[in-house]
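S.K.: need coordinates for the below:
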Amino acid sequence: MPQLPGRDDLDATETSLVARAQAGDMYAFEQLASAHADRLFAVLLRLLGDRAEAEDVAQEVLLRAWRAISRFHGRSLFFTWLYRIAVNEANRSLVKNTRRPMTVPLDEGVLGVPAPVGEPSRRVEQLELREALDKALRELPSTDRTAIVLRDIEGLSTRDAAEITGVGEAAFKSRLHRARLKVRAALGDDALIKAGG
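M.R.: Purely as a prediction, here's the structure:
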């Protein structure tokens, strides 16, 4: 029975693909990019709140990554490097554009809010909480929203999220704590207690 590839095999494959891409192999770069494309788009969608804008920025991210692949030195994981480009491009887009309100709701289950099930009154409470969470996240400054998206929604480690945002771990933890406090204040303790059942 064949063995599934381990982490070392995946690292070796990624290292090989990076080396080939750095030598000009576009197919190798496409393999690298496609391994992260769905998650990358999801992050951009949550940061930008607009599907069309997220698609445009995703294309720009991949173009910039391709152009800069020779400067990737492997001191971080490829996805970390790619996400850092994505966060920078999202922030650039947010600053550049006159923003219309974010319209993309969070996925069900994000931040631990269950999908509406059960009694009608419970479903209404859960739906209201999800909408309040969406609103609270939309109103955060981009740095705070990025911290919550990377750590709490994407589930990245503090180390990876800090590296992606270009700050030290202590600074990132402080930013994340501040963002969580803002979300909690926007929701109010009563809403969080109701969500817990």
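S.K.: assign a three-state SS to Gly74, would you?
M.R.: Secondary structure, DSSP: H, G, I helix; E, B strand; the rest coil: Gly74 is coil.
S.K.: show me the domain layout of this structure.
M.R.: 7-96, 110-195 (automatic domain parsing).
S.K.: lowest average pLDDT across the ones you listed?
M.R.: Lowest mean pLDDT within these: domain 110-195, at a mean of 80.
S.K.: could you pull out the helices for this structure?
M.R.: Assigned by DSSP state H, the chain shows helices spanning 7-22, 26-48, 51-68, 78-96, 120-138, 142-148, 158-165, 169-187, 189-195.
S.K.: rebuild the domains of the chain as TSV, extending it with mean neighbour count.
M.R.: For glycine as for every other residue, the C-beta is placed from the backbone atoms N, C-alpha and C. Compiled in TSV, the domains of the chain are given as follows (neighbours: other C-beta atoms under 10 Å):
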stretch	mean neighbour count
domain 7-96	17
domain 110-195	16
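S.K.: ends of stretch 13-32, what's the gap?
M.R.: 10 Å (C-alpha to C-alpha, to the nearest Å).
S.K.: the residue sitting nearest the centre point of the chain: what's it in contact with?
M.R.: Centre of the chain computed as the mean C-alpha position; nearest residue by C-alpha atoms, centre = their mean is Val43, 3.2 Å away. Neighbouring residues of Val43 by C-beta atoms under 8 Å, 6 or more residues apart in numbering: 83, 86-87, 149-150, 154.
S.K.: can you add distance to Ala65 and give these back as a markdown table?
M.R.: Shown next, in a markdown table, are the contacts of Val43 (distance: C-beta to C-beta, whole Å):
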| residue | distance to Ala65 |
| --- | --- |
| Tyr83 | 10 |
| Ala86 | 9 |
| Val87 | 13 |
| Val149 | 19 |
| Leu150 | 18 |
| Glu154 | 18 |
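S.K.: how near is Phe72 to Ser34?
M.R.: 17 Å (C-beta to C-beta, to the nearest Å).
S.K.: cool, and Arg151?
M.R.: 25 Å.
S.K.: repeat for Ala42
M.R.: In terms of C-beta to C-beta, Ala42 sits 14 Å off from Ser34.
S.K.: cool, and Ser157?
M.R.: Distance from Ser157 to Ser34, by C-beta to C-beta: 23 Å.
S.K.: and Thr165, by the same measure?
M.R.: On the measure of C-beta to C-beta, Thr165 and Ser34 end up 24 Å apart.
S.K.: what's the answer for Arg67, then?
M.R.: 18 Å.
S.K.: with Arg123 instead?
M.R.: Applying C-beta to C-beta to Arg123 and Ser34 gives a distance of 38 Å.
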